[in-house]
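>>> Here is a sequence together with a model predicted from it:
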Amino acid sequence: MELECYPMSDQPCDLVPGRQARDWMDAFPSRHPYRCLPLSMANTTGWEVLCPLSFTAEWNGGPSQNDIVITPDRHAPNLHHFVTSHFSRGVMTMHPQYLFRTPPGWGLLASGAPNHVKDGIAPLTGLIETDWLPFPFTMNWLFTRPGRVKFERGEPFCFITPIEHRKAEAFEPVIRSLESNPVMKGQFEAWNRQRTDFNKRLASGDPDAAKEAWQRFYFKGELPEELGAAPETHANKRRLKAPRLG
C-alpha cells in the first residue's frame, strides 16, 4: 500500500516516521513513562510533518486575524506560505505543504503529534478523505489563552495516520456485564490478583518486587497465570517506512 505525497512547494516540510521520544517522558526518573506501551505505540503510529523554520506566535486574546502576530527567528520571505493567522479567534493555521492520496476507503487523521504537549496552544484534529480530495488540507492550532508560543525548526506540527474511517460506522457499542464472558472475567481476576499482590510487595519494600520494578504483561503480550496467550498480532514496537521518491 502507498501513501502518495505530492509536494506543493519547491521546499516542502520534512516528513518522517513518528518518533517515540518525548522530552517530558525523558525527564522522569528511569524514563518511567516509556513503560506505558500505549503511549509509545501512539507516538510511532503515523508520520510527523516537521517545521521548516523556528518562529514565535503571540495572541493578544482578540477576535481578529491581526490579533495573532507571527515572528520568524530569521528572515523568511515566504513565511505566510507556511504559517498564518487565517481563521481568527486565536486559531493559527499551518500548511503541511503536501497533497496526500490514500487508497480507496482510507483517509488521514491529522492532529498534533501524540503526547507532544505545548503550553498555551492545542492542536485541532481533522479527518480528511484523502482517497479523493484533489487539494491539500491545513493543520490548525488553537490558543488556549492569550500569550506567546514557540515552534522550533524540526518540531512536529502535524501528525498523519491512515485510517479506514468508514468502517467505524459498522461498530455498535454493546454494554455487557463481565459475568457474561467467563473467560475474560477469569483473565481479569487473575491479572487483578497479580497486580494487587505486586503492589503490596512493592510498597512493603520486597527486594524481588523492587528489582522487577513493574509488571510487563501487556508490554510482552502475556496473560497472567497461564490463562492463554495474547494474539500474534501484539506489537510493542513500531517502525514505519520513511518516504521514498516514486
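Received the coordinates, thanks.
>>> Assumed Ala168 was part of a helix.
Yes: under DSSP: H, G, I helix; E, B strand; the rest coil, Ala168 sits within a helix.
>>> Let me know the distance separating Ile128 from Val149.
25 Å (Cβ to Cβ, to the nearest Å). C-beta coordinates here come from the backbone N, C-alpha and C atoms, glycine included.
>>> In the helix with the most length in the chain, which residues are buried?
In the chain, taking DSSP state H as the definition, the longest helix is helix 182-203. If you call a residue buried by 16 or more other Cβ atoms under 10 Å, then helix 182-203 has these buried ones: 187, 190-191, 198, 202.
>>> chain center to it: distance?
On the basis of Cα atoms, centre = their mean, to the nearest Å, helix 182-203 is displaced by 30 Å from the centre of the chain it belongs to.
>>> before we move on, what about stretch 127-137?
Worked out by Cα atoms, centre = their mean, stretch 127-137 lies 20 Å from the chain centre.
>>> what's the answer for stretch 145-160, then?
Remark: stretch 145-160 is offset 14 Å from the chain centroid, using Cα atoms, centre = their mean.
>>> now swap in stretch 22-39 and tell me
Computed by Cα atoms, centre = their mean, the chain-centroid distance of stretch 22-39 equals 15 Å.
>>> ok, now stretch 88-103?
Relative to its chain's centre, stretch 88-103 lies at 16 Å (Cα atoms, centre = their mean).
>>> then that stretch to CSV, C-alphas only?
Taking Å, rounded to 0.1, in the frame of the first residue of the first chain, the C-alpha atoms of stretch 88-103 are listed here in CSV:
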residue,chain,number,x,y,z
SER,A,88,-9.2,34.5,13.5
ARG,A,89,-10.3,34.0,17.2
GLY,A,90,-7.0,32.6,18.3
VAL,A,91,-6.6,29.9,15.6
MET,A,92,-3.2,29.6,13.9
THR,A,93,-3.1,27.8,10.5
MET,A,94,-0.1,25.8,9.3
HIS,A,95,0.4,24.2,5.9
PRO,A,96,1.9,20.7,5.7
GLN,A,97,2.6,21.5,2.0
TYR,A,98,1.6,18.2,0.6
LEU,A,99,-1.4,16.9,-1.3
PHE,A,100,-1.9,13.3,0.1
ARG,A,101,-3.6,10.5,-1.7
THR,A,102,-4.6,7.3,0.1
PRO,A,103,-6.1,4.0,-1.3
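>>> Would you mark the buried spots in that stretch?
Neighbour counts using 16+ other Cβ under 10 Å place 90-102 of stretch 88-103 among the buried residues.
>>> Pick the one among these closest to Ser54.
Relative to Ser54, the closest of these is Met94; by Cβ to Cβ it sits at 13.3 Å.
>>> okay, now Pro7: neighbour count?
Neighbour count of Pro7, defined by other Cβ atoms under 10 Å: 13.
>>> no no, Ser9
Number of residues near Ser9 (other Cβ under 10 Å) recorded here: 13.
>>> need the buried residues of stretch 88-103 in TSV with pLDDT, can you?
Formatted as TSV, the buried residues of stretch 88-103 follow (pLDDT from 0 to 100):
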residue	pLDDT
Gly90	97
Val91	98
Met92	98
Thr93	98
Met94	97
His95	96
Pro96	95
Gln97	93
Tyr98	97
Leu99	97
Phe100	98
Arg101	98
Thr102	98
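>>> Tell me which two in those residues are the farthest apart.
Most distant of the buried residues of stretch 88-103, by Cβ to Cβ, are Gly90 and Arg101, 31.8 Å apart.
>>> would His86 count as being in a helix?
No: assignment of His86 by three-state DSSP gives strand, placing it outside any helix.
>>> and it, what does it touch?
Applying Cβ atoms under 8 Å, 6 or more residues apart in numbering, we find His86 in contact with 65, 93, 138.
>>> Tell me the one of those nearest Ile163?
Ranked by distance to Ile163 (Cβ to Cβ), these are led by Thr138 at 18.6 Å.
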